[in-house]
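In: Prediction below, plus the sequence it came from.
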Amino acid sequence: MRYPSLVTGACAAAAIFAFTGCGTGGYSDDGNQSAGKDLFLAANCGACHTLADAGTAGQIGPNLDDAFAQARADGMSESTFVNVTRDQILFPITDPSTEQVGMPGPGQTLPECGGDDAAGAGDFCVEDQEQAASDIAAYVGRVAGTGASATPDKPMDGKSIFAASCGSCHTLADAGTTGNVGPNLDEAKPPKSLVIDRVTNGQGAMPSFKDSLNGAQIEAVAEYVSAAGR
Ligand code: HEC
Ligand code: HEC
């Protein structure tokens with residue numbers, strides 16, 4: 001998206017002195033993902049956040065794979081995650097009513113080189129804080145919660161997940177399974193939303209899989225079952 005040059009210039013000039021909060025909408029497409037991965041690591045986001053693609057396991061802040069897998073399963077679009085991430089980096093909201101440590105502001109996570117907010121950190125700095133935030137957001141929005149490398153030991157396609165986790169109890173002709181503890185899914189023909197609910201929450205003799213399958217895997221098996229049973 002393009003802004004009138006006057007507005008862009010005003011933002012750039014203001015940013016030399018301090019971060020003042022120019023508009024945040026519309027930046028979702030201009031981030032560079034591979035620069036974003038390097039920045040995610042260099043800025044030490046991983047000290048507080050787990051993100052499988054980056055190989056980080058921090059636990060102070062939310063697990064970004066879990067947070068975004070849920071959002072993906074709920075049908076939120078990638079550009080939304082990118083904007084959420086960018087806003088979170090530039091304008092973290094800390095809630096003083098909870099005991100939780102909030103997320104530090106951009107002056108600490110992404111100090112500008114030579115800026116007054118570089119808080120004495122000589123090692124890491126960025127030339128352009130907003131661009132760095134866009135790059136990181138493009139990267140996180142692309143990889144978080146995709147399950148791409150979240151659980152490498154487990155299959156990601158719906159049919160394999162079904163055969164491994166569900167077929168012992170359910171008959172489904174397409175998967176070649178003949179379990180009869182639970183309903184025959186060729187007959188039940190459950191809609192996707194019902195499959196997601198049962199797999200996530202369990203019911204009666206059916207266990208919940210929310211600790212053994214991640215959001216992307218639940219989404220994949222639900223997509224498969226709802227299509228195969230028809
Ligand atoms: C000192 C720990 C810390 C560091 C460093 C940190 N974060 Fe956070 N982050 C948090 C905490 C705590 C929260 C949750 C509270 C909040 O929303 O402010 C959070 C929230 C988030 C969220 C929102 C997640 C959700 O579920 O909505 C995103 C996205 C995020 N951080 C990305 C980043 C990125 C990218 C970096 C690196 C530039 C980073 N964080 C650095 C602690 C940290
Ligand atoms: C230990 C046996 C068992 C396993 C494993 C199991 N289920 Fe079930 N499932 C059941 C039982 C029993 C029910 C009936 C629950 C009830 O309604 O009380 C059920 C119900 C369902 C339903 C609802 C069907 C309807 O029409 O009401 C769906 C969908 C489903 N299971 C999908 C799955 C999927 C997908 C998996 C694998 C991730 C799975 N199940 C694993 C036993 C199992």
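Out: Perfect, I can see it now. Residues are numbered from 1 along each chain as shown. Ligands and ions are numbered 1, 2, ... in the order given.
In: Find the nearest non-adjacent residue to G105, please.
Out: P92 (5.9 Å; C-beta to C-beta, 6 or more residues apart in numbering). Where you see a C-beta, it was placed from the backbone N, CA and C, and this is true even at glycine.
In: Shouldn't the one you found be within a helix?
Out: No. With DSSP: H, G, I helix; E, B strand; the rest coil as the criterion, P92 is located in coil rather than a helix.
In: That one and D186, how far apart?
Out: 49 Å (C-beta to C-beta, to the nearest Å).
In: What of L41?
Out: The value you get for L41 to D186, if C-beta to C-beta is used, is 48 Å.
In: just to revisit the earlier point, what separates the residue nearest to G105 from L110, distance-wise?
Out: Applying C-beta to C-beta to P92 and L110 gives a distance of 11 Å.
In: Which one's more surrounded, those two?
Out: Each of P92 and L110 has its neighbours counted (other C-beta atoms under 10 Å); L110 has more, 28 against 15.
In: Surely that one is in contact with E130?
Out: No. In this structure, L110 is not within contact of E130 by C-beta atoms under 8 Å, at 9.2 Å.
In: show me where the chain has helices.
Out: 5-17, 33-42, 64-73, 78-90, 106-109, 129-143, 158-165, 185-188, 192-201, 215-228 (DSSP state H).
In: if you average pLDDT over each of those helices, which comes out lowest?
Out: The minimum mean pLDDT among the helices of the chain belongs to helix 5-17 (a mean of 33).
In: Please identify the nearest residue in space to A69, excluding sequence neighbours.
Out: Nearest to A69 is G215, by C-beta to C-beta, 6+ apart, at 2.8 Å.
In: got the contact list for the one you found?
Out: By C-beta atoms under 8 Å, 6 or more residues apart in numbering, the residues touching G215 are D66, A69, Q70, R72, A73, G145, G147.
In: Quick check: the first one vs ligand 2, distance?
Out: I take that to be D66. 18 Å (C-beta to the nearest ligand atom, to the nearest Å).
In: and the gap between that residue and S168?
Out: 27 Å.
In: Can you get me a residue count around F124?
Out: F124, neighbours per other C-beta under 10 Å, totals 14.
In: what's the answer for K159, then?
Out: For K159, using other C-beta under 10 Å, the count is 18.
In: next one: Y139
Out: Y139 - counted by other C-beta under 10 Å - has 26 other residues nearby.
In: Apart from its neighbours in sequence, what residue is nearest it?
Out: G36 (2.8 Å).
In: And the residue nearest the centre of the chain?
Out: In the chain, the residue lying closest to the centroid (C-alpha atoms, centre = their mean) is F68, at 2.8 Å.
In: Just the pLDDT at the closest residue to that residue other than its chain neighbours, thanks.
Out: The shortest distance from F68 to any non-neighbouring residue, by C-beta to C-beta, 6+ apart, is to G145 (3.2 Å). pLDDT for G145: 83.
In: again with the one 4 residues further on
Out: What the model reports as pLDDT for S149 is 43.
In: ditto for K210
Out: For K210, pLDDT reads 85.
In: Count the residues that sit near F91.
Out: By other C-beta under 10 Å, 14 other residues sit near F91.
In: Return the distance of it relative to C45.
Out: In terms of C-beta to C-beta, F91 sits 16 Å off from C45.
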